[in-house]
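Colleague: need coordinates for the following:
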Amino acid sequence: MRIYNKNQFVQIKGFSLVELMIAMTIGLLVIAATLSIFISNKQTYTATDNISRVQENARTAFELISRDLREASGTPCDSGMGPGSIISVLNNPGDMWGNWLNTITGYEAGALAGSAAGTDALEIKTGSASLFDVTDHNAGAFAFTLNTSDPHDIVAGDIVMVCDFSRAAIFQVSGVVGNVVSHAAGGAAPGNSTGNLGEAGNQYTFDTDDHATTLGRITATQWFVGANGRGVRSLFRNTLRTTAGVAAMVANEEVAVGVRDMQITY
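Modeller: Numbers count the residues shown, from 1 in each chain. Sure, this is the predicted structure:
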């Protein structure tokens, strides 16, 4: 391009259309390469982050399951007390609540309600670590009196274990008034078959001298793989809870997302 003035010609050089198109093409290629590297790095980061999350969830799940398994069969009772010394007065004592001879139960191929087809599940029972001293036991009135200096959170419907140095009993709390916990017959499911806590339905009075008797909840957990409602499976943990006087396993504690299967070898 030339510009003329009265003094001189001034020549200004620019880009031709072909040169401009080549430069734009090279620029687009550079931008595309940069975007490709960015997307590749992002995908790598996402994959690494997902693997880290899976590993973290797996570690958490294994730790929680291991903790429950280590605590299975634990009781507040004397360590030398055998399973035969534990009496269950619950209705259907052979079911999950009262069967203390089988505190770890396995379910095969989706047999546990809520578990996915073909997956195994675990059910674990133990005595609670939260214990309360019993200061008096009126066996005739089916009533334990707990230490008033130790506030408790026992409610009617809780499934509990009470024991001294020679005997233990599993029952469902029929009523709570202040620090008095009752163990009368009947009640919400499963309910007590009798208010007596001795063998063969006989009356037994627990020793309350020198804090010999303690009372605490039964803790039950179930581990299984099931659908999480979002199109994939997750690892779930059910726990035993009492709601409105009824003890039942409560579901929907989602522990780890993306767990497709669980197989257990006994």
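
Colleague: buried residues, the one helix or strand Ile124 maps to. List them.
Modeller: Secondary structure from DSSP states H and E places Ile124 in strand 121-138. Under the neighbour-count criterion of 16 or more other C-beta atoms under 10 Å, strand 121-138 has 121-128, 131-135, 137 buried. C-beta here means a position set from N, CA and C on the backbone, and glycine is covered the same way.

Colleague: ok, these vs Thr25, which is closest?
Modeller: Ala121 (61.3 Å; C-beta to C-beta).

Colleague: return the residues in contact with that closest one.
Modeller: Neighbouring residues of Ala121 by C-beta atoms under 8 Å, 6 or more residues apart in numbering: 106-107, 111-112, 115, 222-225, 262.

Colleague: among those residues, which lie within strands?
Modeller: Counting by DSSP state E, the contacts of Ala121 place 106-107, 222-225 in strands.

Colleague: report the buried members of these.
Modeller: By 16+ other C-beta under 10 Å, the ones in strands among the contacts of Ala121 give 107, 222-225 as buried.

Colleague: next up, phi/psi of Ala141, please.
Modeller: For Ala141, the backbone dihedrals (degrees, to the nearest 10) come out as phi -100, psi 0.

Colleague: from now on call the first residue 22
Modeller: Got it, the first residue is 22 from now on, which makes the last one we talked about Ala162.

Colleague: how close does the nearest residue to it once chain neighbours are set aside sit to Ala130?
Modeller: Nearest residue to Ala162, sequence neighbours excluded (C-beta to C-beta, 6 or more residues apart in numbering): Ser203, at 8.0 Å. Counting by C-beta to C-beta, to the nearest Å, the gap from Ser203 to Ala130 is 42 Å.

Colleague: quick one: mean pLDDT for the strand or helix carrying Leu49?
Modeller: Element membership for Leu49, per DSSP H and E: helix 38-92. Taken as a whole, helix 38-92 has an average pLDDT of 79.

Colleague: direction included, what does the next helix or strand after it pair against?
Modeller: Going down the chain from helix 38-92, the next helix or strand is strand 107-109, by DSSP H and E. Applying DSSP bridges to the sheet, strand 107-109 is found paired with strand 189-193 (parallel).

Colleague: hey, where'd the helices end up in the stretch 122-271 of the chain?
Modeller: Read by DSSP state H, counting those that start in this stretch, the stretch 122-271 of the chain holds no helices at all.

Colleague: bridging residues for the most centrally placed residue in the chain?
Modeller: Residue closest to the average C-alpha location in the chain (C-alpha atoms, centre = their mean): Arg258, at 3.7 Å. Applying DSSP bridges to Arg258 yields these beta-bridge partners: Trp244.

Colleague: again with Asp157
Modeller: Thr166.

Colleague: burial of Leu85, as a residue count?
Modeller: Close neighbours of Leu85, defined as other C-beta atoms under 10 Å, add up to 17.

Colleague: that one reaches Arg258, doesn't it?
Modeller: Yes. If you go by C-beta atoms under 8 Å, Leu85 and Arg258 touch, sitting 7.0 Å apart.

Colleague: any common contacting residues for the two?
Modeller: Taking C-beta under 8 Å, 6+ apart as the contact rule, Leu85 and Arg258 both touch Val276.

Colleague: circling back to that earlier point, as JSON lines, the buried residues of strand 142-159 with pLDDT and distance to Asp230 would be great.
Modeller: Formatted as JSON lines, the buried residues of strand 142-159 follow (pLDDT from 0 to 100; distance: C-beta to C-beta, whole Å):
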{"residue": "Ala142", "pLDDT": "88", "distance to Asp230": "43"}
{"residue": "Leu143", "pLDDT": "87", "distance to Asp230": "39"}
{"residue": "Glu144", "pLDDT": "85", "distance to Asp230": "36"}
{"residue": "Ile145", "pLDDT": "85", "distance to Asp230": "33"}
{"residue": "Lys146", "pLDDT": "83", "distance to Asp230": "29"}
{"residue": "Thr147", "pLDDT": "80", "distance to Asp230": "27"}
{"residue": "Gly148", "pLDDT": "76", "distance to Asp230": "22"}
{"residue": "Ser149", "pLDDT": "72", "distance to Asp230": "23"}
{"residue": "Leu152", "pLDDT": "82", "distance to Asp230": "17"}
{"residue": "Phe153", "pLDDT": "85", "distance to Asp230": "16"}
{"residue": "Asp154", "pLDDT": "86", "distance to Asp230": "11"}
{"residue": "Val155", "pLDDT": "87", "distance to Asp230": "11"}
{"residue": "Thr156", "pLDDT": "88", "distance to Asp230": "10"}
{"residue": "His158", "pLDDT": "89", "distance to Asp230": "11"}
